[in-house]
Structures are given as C-alpha cells and as structure tokens.
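K.L.:
sequence and predicted structure below; questions after.
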Amino acid sequence: MPKITFVTHAGQEHPVDAKVGESLMQAATSNLVPGVLADCGGNCACATCHVYLDASWGAVVSERAAGEQEMLDFALHVRPDESRLSCQIPVVPEFEGLVVHLPESQI
Ligand code: FES
C-alpha cells in the first residue's frame, strides 16, 4: 500500500494508503480527499479529477492516452508537463512517497 499525499490548492495535505491497482482518483475519493470530484466515475469524461504530478515521477507514471489529453484540453489551469486525470493513472508500488497537487479549479 504505497503512501500517497494529496495536497489541495490551499496547501492542506491528505496522506492516504493507496491500493495497488486502483486508480489515483479512487485512492483520493475513497479517502475523502477534498477537491477530487470524479463526476464521471472514472470514465475519462469530466476532468474533475484533474491533478498535477511532478515531472520527476514520469518514469513510474503511465503516459497520457489520447482520450485523457482530449479531456485535459477542456480543463482549467492545465500545466503542459504536470496535468493528469487521476482516474487514468493506476497505482503501482513505486508510488510510495508520491505527492499529488490539486489545481486551483479543484476545490
Ligand atoms: Fe471524470 Fe476522471 S473522473 S475524467
């Protein structure tokens, strides 16, 4: 169970014990992390699970699929190298210590 810390735009830290195989979004919502709304339930159709991942985690985080990129094109406060839809990222053991920041629009 990798320990992942979600940080709201206001700076509140929410550490969670994530389950390998669930999505980053599920790790947040099942632990009541504020700001990860996930309105579409993880179907890559709403962008309300938008998060920022530091580019230094690129080696262990799956790449954006085309559908994810299309949804991000409609999201607010997108950062070219850091924005991701957390429902599209499966948790892997290597996420131990991952810090996930939430954009200003996710409150
Ligand atoms: Fe809707 Fe991720 S939960 S796009």
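P.N.:
Yep, that arrived.

K.L.:
helices of this protein, residue ranges please.
P.N.:
For the chain, helices defined by DSSP state H occupy the ranges 24-29, 66-72.

K.L.:
going by mean pLDDT, which of those comes out lowest?
P.N.:
Lowest mean pLDDT of these: helix 66-72, a mean of 94.

K.L.:
now do the contacts for the most centrally placed residue in the chain.
P.N.:
Geometric centre of the chain, nearest residue: Ser86, 3.0 Å, by CA atoms, centre = their mean. Shown in contact with Ser86 (CB atoms under 8 Å, 6 or more residues apart in numbering): 23-25, 28, 36, 38, 49-51, 100. Heads up, the C-betas are built off the backbone N, CA and C, glycines and all.

K.L.:
ok, and the most crowded of the residues you listed?
P.N.:
Neighbour counts for the contacts of Ser86 (other CB atoms under 10 Å) peak at Cys49, which has 30 neighbours.

K.L.:
from what I can see that one touches Ser83, true?
P.N.:
No: Cys49 is beyond contact range of Ser83, at 11.1 Å (criterion: CB atoms under 8 Å).

K.L.:
who does the helix or strand of the chain with the lowest mean pLDDT touch, helix- and strand-wise?
P.N.:
Scoring the helices and strands of the chain by mean pLDDT, DSSP states H and E places helix 66-72 at the bottom, with a mean of 94. Applying 3 or more CB pairs under 8 Å, 6 or more residues apart in numbering; DSSP states H and E, we find helix 66-72 packed against strand 83-85.

K.L.:
noted, bye for now.
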